[in-house]
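> Need coordinates for the following:
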Amino acid sequence: MKKLHIFNNKREEEKRAVIEQIILEKYNQYYRIAYSYTHNEADACDIVQNGAYRALRGSSALKKPEYAATWVYRIMLNECFRYTKQPQNLSYEYMQDAMGVEPSYTEDSSENLDIRRALDSLSEQDKAVIVLRFFEDMKLEEIADILDENLNTVKSRLYRGIKKLRGVLGENT
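Sure thing, here's the model as predicted:
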């Protein structure tokens, strides 16, 4: 009986090590996704930190270590969704941007601001598909795994999102 307990602890340690490695390797990708939702460096960092904490804390829930990368992406996206649903956590810069006021920083070109606003007009699920496909260069099958959705649903979200983005961006030109 004692050997089984030691074996389980070793498996848990291995899962945690795999998750730590994935977080370190893909930190910049997680940050870019979070930033696409928050438009604020500090808030994006907070989201990634919270997501990493939740992933490490819940490492025992990971059933198959070979799906750890997908599992961590899902956690990070859920953190982004959670953040956007909690208005008390929105930063001043994000609130300015959401209200249509130019943010205080100017490193973005007006074209990037238009794209960012157009992305913000999408539903969370459609935005996630667009960001993962075009900004993270993921395959649709990977996106379907991360979002835990059918491949055809992901394709529909992608095409619907692109159509809406074209409409929104067409209005701005």
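> element containing the residue nearest the centre of the chain?
The chain has residue 77 as the residue nearest its centroid, 3.5 Å off, counting by C-alpha atoms, centre = their mean. Using DSSP states H and E, residue 77 sits in helix 68-85.
> what comes into contact with that helix?
With C-beta atoms under 8 Å, 6 or more residues apart in numbering as the test, helix 68-85 has contacts from 15, 18-19, 22-23, 26, 30, 33-34, 37-38, 43, 46-48, 50-51, 54-55, 58, 62, 89, 124, 128, 132, 142, 145-148. C-beta: built from backbone N, CA, C; applies to glycine.
> Low-confidence ranges, this protein, go.
For the chain, the stretches with pLDDT under 70 are 1-8, 86-112, 171-173.
> That one: helices as residue ranges?
2-38, 41-57, 68-85, 92-98, 110-120, 124-130, 140-147, 151-172 (DSSP state H).
> ok, and for the second one, which residues are buried?
Of the residues in helix 41-57, those buried by neighbour count under the rule 16 or more other C-beta atoms under 10 Å are 43-48, 50-52, 54-55.
> got a list of contacts for that helix?
Contacts of helix 41-57 (C-beta under 8 Å, 6+ apart): 16, 19-20, 23, 27, 30-31, 34-35, 37-38, 71-72, 75-76, 78-80, 83, 89-91, 94.
> and the angle from it to helix 2-38?
Counting by axes from the mean of the first three to the mean of the last three C-alpha atoms, to 10 degrees, helix 41-57 points 160 degrees away from the direction of helix 2-38.
> ok and the helix holding residue 77 relative to helix 41-57, angle-wise?
Per the same axes, to 10 degrees, the angle that helix 68-85 makes with helix 41-57 is 130 degrees.
> picking up where we left off before, most tightly surrounded among the helices of the chain?
helix 124-130 (a mean of 21; mean count of other C-beta atoms under 10 Å).
> Mind giving me the packing neighbours of it?
helix 68-85, helix 110-120, helix 140-147, helix 151-172 (3 or more C-beta pairs under 8 Å, 6 or more residues apart in numbering; DSSP states H and E).
> Now with 7 Å, please.
Contacts defined by 3 or more C-beta pairs under 7 Å, 6 or more residues apart in numbering; DSSP states H and E place helix 124-130 against helix 68-85, helix 151-172.
> Determine which of the ones you listed approaches residue 117 most closely.
helix 151-172 (7.6 Å; C-beta to C-beta).
> chain center to the closest one, what's the gap?
18 Å (C-alpha atoms, centre = their mean, to the nearest Å).
> Which neighbouring elements make contact with that helix?
Against helix 151-172 (3+ C-beta pairs under 7 Å, 6+ apart) you get helix 110-120, helix 124-130, helix 140-147.
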